[in-house]
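>>> here are the coordinates; sequence isn't available:
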């Protein structure tokens, strides 16, 4: 699991290339997030990229648009270091994600030993379960102007990270920058009060400990534009 006692920095990956995983792993960044919400990545692409990241011993999480327990289990068995769930609006969303990511008695994740993390059966059930530690990271993405349950109650469900999705939040609040700033501060204050690490994209704030620096496509675009400028 990532050490969130200090800031960690990662990248959203949208391209189905193991070369991207290699580049990120060698870049000095701490992790990557495969984006199954806003990309053309198929489930099979995610499994292949997770296997490559696992071989490099580089932490790779996956962002999903909605909770699918079967998919979550398959992603975790392929080596995902955590799951980032979009559009979290209530306590139940966090509780269900926890349950999908953790084995009994802490959750409802189905157990198999026929995958790489269990040595394809080389580990006993006790050895495998004993090596799980705190389990995968559970990242709750808040990106609406209002939630069904209060922020305090959602954070009391103890996600490992609360992530501010500022793009959807801005759209939800009608592009009103003042209201967006107010809502972002509200989420950040609630995270600080609850002792839950704060996450965001490209937000240079000392409170942000899980920082996404951008996307592979965004960095590619920037590099191409720079290369295309007259010398």
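Now that the structure is in, tell me what you want to look at. Note that the structure is predicted; figures quoted are calculated from it, not measured.
>>> how about the contacts made by residue 179?
Taking CB atoms under 8 Å, 6 or more residues apart in numbering, we find residue 179 in contact with 145, 173. Placement of C-beta: from N, CA and C, glycine included.
>>> could you count how many residues lie near residue 140?
Other residues near residue 140 number 26, with proximity taken as other CB atoms under 10 Å.
>>> you'd agree it is in a helix?
No - the assignment for residue 140, made by DSSP: H, G, I helix; E, B strand; the rest coil, is strand rather than a helix.
>>> just the pLDDT for it.
Residue-level confidence at residue 140 comes out at 98, pLDDT.
>>> now it, nearest residue through space, not along the chain?
Closest residue to residue 140 in three dimensions, ignoring its sequence neighbours and counting by CB to CB, 6 or more residues apart in numbering: residue 159, at 3.8 Å.
>>> quick check: next helix or strand after the longest strand along the chain?
Determined from DSSP state E, the single longest strand within the chain is strand 208-215. Sequence-wise, the next helix or strand beyond strand 208-215 is helix 216-228, with elements assigned using DSSP states H and E.
>>> could you pull up the mean pLDDT of that next one?
Regarding helix 216-228, the rounded mean pLDDT is 93.
>>> who's in contact with it?
When contacts are defined by CB under 8 Å, 6+ apart, helix 216-228 is touched by residues 11, 12, 13, 14, 15, 20, 24.
>>> could you list the buried residues of the strand or helix carrying residue 191?
Per DSSP H and E, residue 191 falls inside helix 177-194. Neighbour-count burial for helix 177-194, counted by 16 or more other CB atoms under 10 Å, picks out 180, 183, 184, 187, 188, 190, 191, 194.
>>> likewise stretch 56-74?
Within stretch 56-74, the residues that qualify as buried are 58-64, 67, 69, 71-74, counting by 16+ other CB under 10 Å.
>>> let me see the ranges of the helices in this protein.
Taking DSSP state H as the test, the helices found in the chain are 18-25, 43-55, 69-77, 91-101, 125-130, 151-156, 166-172, 177-194, 216-228.
>>> list the helices and strands the first one packs on?
In this structure, helix 18-25 packs against strand 8-13, strand 31-35, helix 43-55, with contacts taken as 3 or more CB pairs under 8 Å, 6 or more residues apart in numbering; DSSP states H and E.
>>> now do the buried residues in it.
Along helix 18-25, these residues count as buried under the neighbour rule (16+ other CB under 10 Å): 18, 20, 21, 23, 24, 25.
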